[in-house]
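Visitor: coords please:
(one chain, ligands or ions: 1)
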Amino acid sequence: MDLTTLRAKYIEAVAAAATEAALEDVRLAALGKKGEISALMATLGKMDPDQRKAAGAAMNLLRDEIDAALRAKKAGLADAALNERLRSEWLDVTLPGRPRPHGTIHPVSQVMEELTAIFADMGFAVAEGPQVESDWYNFDALNIPPEHPARQEHDTFFMHRAPGDNRPPHVLRTHTSPVQIRAMTENGAPIRVIAPGRVYRMDMDQTHTPMFHQVEGLAIDRDISMANLKWTLEEFCRAFFEVDRVELRFRASHFPFTEPSAEVDIRYSNVGGQLRIGEGDKWMEILGSGMVHPKVLAAAGVDPDKWQGFAFGMGIDRIAMLKYGIPDLRAFFESDLRWLRHYGFAALDMPDLAGGLSR
Ligand code: PHE
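Guide: Predicted structure coming up:
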C-alpha cells in the first residue's frame, strides 16, 4: 500500500472515531507495536542506504502526521465530554432557594430537652420506666393501698389479662412515680434522677387529656430536706422560664408516697393572653412533691433509717404552656400541622444552658 493511501485511511479513521476508546483502537492499528505503520517502518532496515533515506523521511512524516491527528482528535473528544458535562450539570446559583416541606420539634419534646439540660447541670441523671406498668410499681410500692381512690377505675386505664389469669392487671402508668422505685431498686442510694415521660389518666377537658407528660424528680442522700427541694425547684424555674424572679407557693397537701407533702404553684399574670411568670395575681399548679415516705424507700430496698430525700412530679405540658404561651392543652395532641408550625421548634434548636436555652 502506498503512503498516500495509508495516510488517507488513517486520517479518515481518526476523523470517524467517536469515542476515546475507538480512537485508541485506531492508534494501535496504525502506530501500535503491531500497527500497520510501525510494520512499514520495520522494512527500512532491509533497504539500501539511498532508498532508506528517502523512504524513511516520508514514513517519519506520515507517522508524525497521524500522531498529530490522533492527539488533536483526543483533545477534541475530551473537550466535547467536558462541554457535555458542563451542559448537563448546569445550575443557576442565582435562583431563589426552594423551601422543602419540613417537620418541627413538638413543644413537649423541646421542653423535655430543656428541663433535662437544667437538671443535668444540677447533677440529675435521666431514669426511665415502662408506660405499661405493673400495679405493684404504680401503686403498692408507692404506699397506695388497694382501696385508695387513685386506684378506682375512673382514673386508671387497666390492661387486659388472658381469661383465667387472675393476677392483678397491668395499668398504663398514672404518674412517673413508679420510676422512683425502679431507679432506687437498680441503683440504691444516694441517688439523683429525673424521669420525664408519658402518663395516662381517664380524664378529658380543657386542662386534661388522657395522655400527658410528667417529669419525676428524686434526690436521696443522708440529710436531704424540704429546704433542698425548695431551692432545687426555684433554681429550676429561674433557669427554665429564663427570668430572675420566680415566685413559688408551697401548699400543704397529701400524697401516700411522701410525708410531708406539698403542691407547688407558680405566680403568673395573664395580660391580654400574654402569660408572664413571676408577676401578677394568678397561680398555676405545676407539681406535687414532698419527702419520700419511709415505706417507699423500704419497698425499693433503701434503708429509711440511713437515707432520706425529696421527690416531685411536675406537669411538663403545663410548664410548656406557661413558657411558650400556649392557651389550650388539647391542641398539644391534635397533630394539627398549622399549630405545629406555629409552636414547633426547628430541628437544630437543641437547648443547652451555655447557649441560653431557648435563645
Ligand atoms: N405522682 C404525683 C402525681 O402524679 C406527683 C408527685 C410526685 C407527688 C412525687 C409527690 C412526689 O400527682
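Visitor: tell me which stretches of the stretch 201-350 of the chain form helices.
Guide: Under the criterion DSSP state H, counting those that start in this stretch, the stretch 201-350 of the chain carries helices at the ranges 226-241, 294-299, 316-324, 337-343.
Visitor: so which of those is the most packed in?
Guide: Mean neighbour count (mean count of other CB atoms under 10 Å) peaks for helix 316-324 among the helices of the stretch 201-350 of the chain, with a mean of 21. Every C-beta, even on glycine, is put in place using the N, C-alpha and C of the backbone.
Visitor: would you map the strands across this structure?
Guide: Ranges of strands in the chain, per DSSP state E, are 125-126, 132-133, 171-172, 191-200, 211-221, 248-255, 258-271, 274-277, 282-292, 308-315.
Visitor: weakest of those in terms of mean pLDDT?
Guide: Averaged per stretch, pLDDT over the strands of the chain is lowest on strand 274-277, reaching a mean of 82.
Visitor: what's it packed up against?
Guide: Strand 274-277 sits against strand 258-271, helix 316-324, with contacts defined as 3 or more CB pairs under 8 Å, 6 or more residues apart in numbering; DSSP states H and E.
Visitor: return the residues in contact with whatever residue of the stretch 1-150 of the chain ends up closest to the ligand.
Guide: Using CB to the nearest ligand atom, residue 142 is the residue of the stretch 1-150 of the chain that sits closest to the ligand, at 7.9 Å. Residues near residue 142 by CB atoms under 8 Å, 6 or more residues apart in numbering: 177, 178, 180, 181, 256, 257, 296, 299.
Visitor: so which of those are also by the ligand?
Guide: residue 177 (CB under 6 Å from any ligand atom).
Visitor: among the contacts of residue 142, which one lies nearest to residue 76?
Guide: Using CB to CB, residue 178 is the member of those that lies nearest residue 76, at 77.9 Å.
Visitor: might one say that the closest one is in contact with residue 141?
Guide: Yes - applying CB atoms under 8 Å as the test, residue 178 and residue 141 come out as touching, 7.2 Å apart.
Visitor: if you count surrounding residues, which of the two has more?
Guide: The neighbour comparison of residue 178 against residue 141 (other CB atoms under 10 Å) goes to residue 178, with 26 against 23.
Visitor: so who does residue 10 touch?
Guide: Counting by CB under 8 Å, 6+ apart, residue 10 makes contact with 26, 29, 30, 37, 66, 69.
Visitor: in helices, which of these appear?
Guide: 26, 29, 30, 37, 66, 69 (DSSP state H).
Visitor: quick revisit: could you dump the strands of the chain to CSV with mean neighbour count and distance to the ligand?
Guide: Formatted as CSV, those follow (neighbours: other CB atoms under 10 Å; distance: least, CB to the nearest ligand atom, whole Å):
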stretch, mean neighbour count, distance to the ligand
strand 125-126, 15, 16
strand 132-133, 18, 13
strand 171-172, 21, 13
strand 191-200, 22, 7
strand 211-221, 22, 6
strand 248-255, 14, 4
strand 258-271, 18, 5
strand 274-277, 16, 21
strand 282-292, 19, 3
strand 308-315, 23, 3
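Visitor: circling back to that earlier point, could you dump the helices and strands packed on strand 274-277 to CSV with distance to residue 336?
Guide: Listed next are the helices and strands packed on strand 274-277 as CSV, based on distance: least, CB to CB, whole Å:
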stretch, distance to residue 336
strand 258-271, 23
helix 316-324, 16
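Visitor: closest to residue 207 out of the ones you listed?
Guide: Nearest of the helices and strands packed on strand 274-277 (CB to CB): helix 316-324, 8.4 Å.
Visitor: could I get the average pLDDT for that closest one?
Guide: Helix 316-324 shows a mean pLDDT of 92.
Visitor: quick one: it to strand 308-315, angle?
Guide: Between helix 316-324 and strand 308-315, the angle comes out at 70 degrees (axes from the mean of the first three to the mean of the last three CA atoms, to 10 degrees).
Visitor: name the helices or strands packed onto helix 316-324?
Guide: If contacts are counted by 3+ CB pairs under 8 Å, 6+ apart, helix 316-324 sits against helix 107-121, strand 211-221, helix 226-241, strand 274-277, strand 282-292.
Visitor: brilliant, that's me finished.
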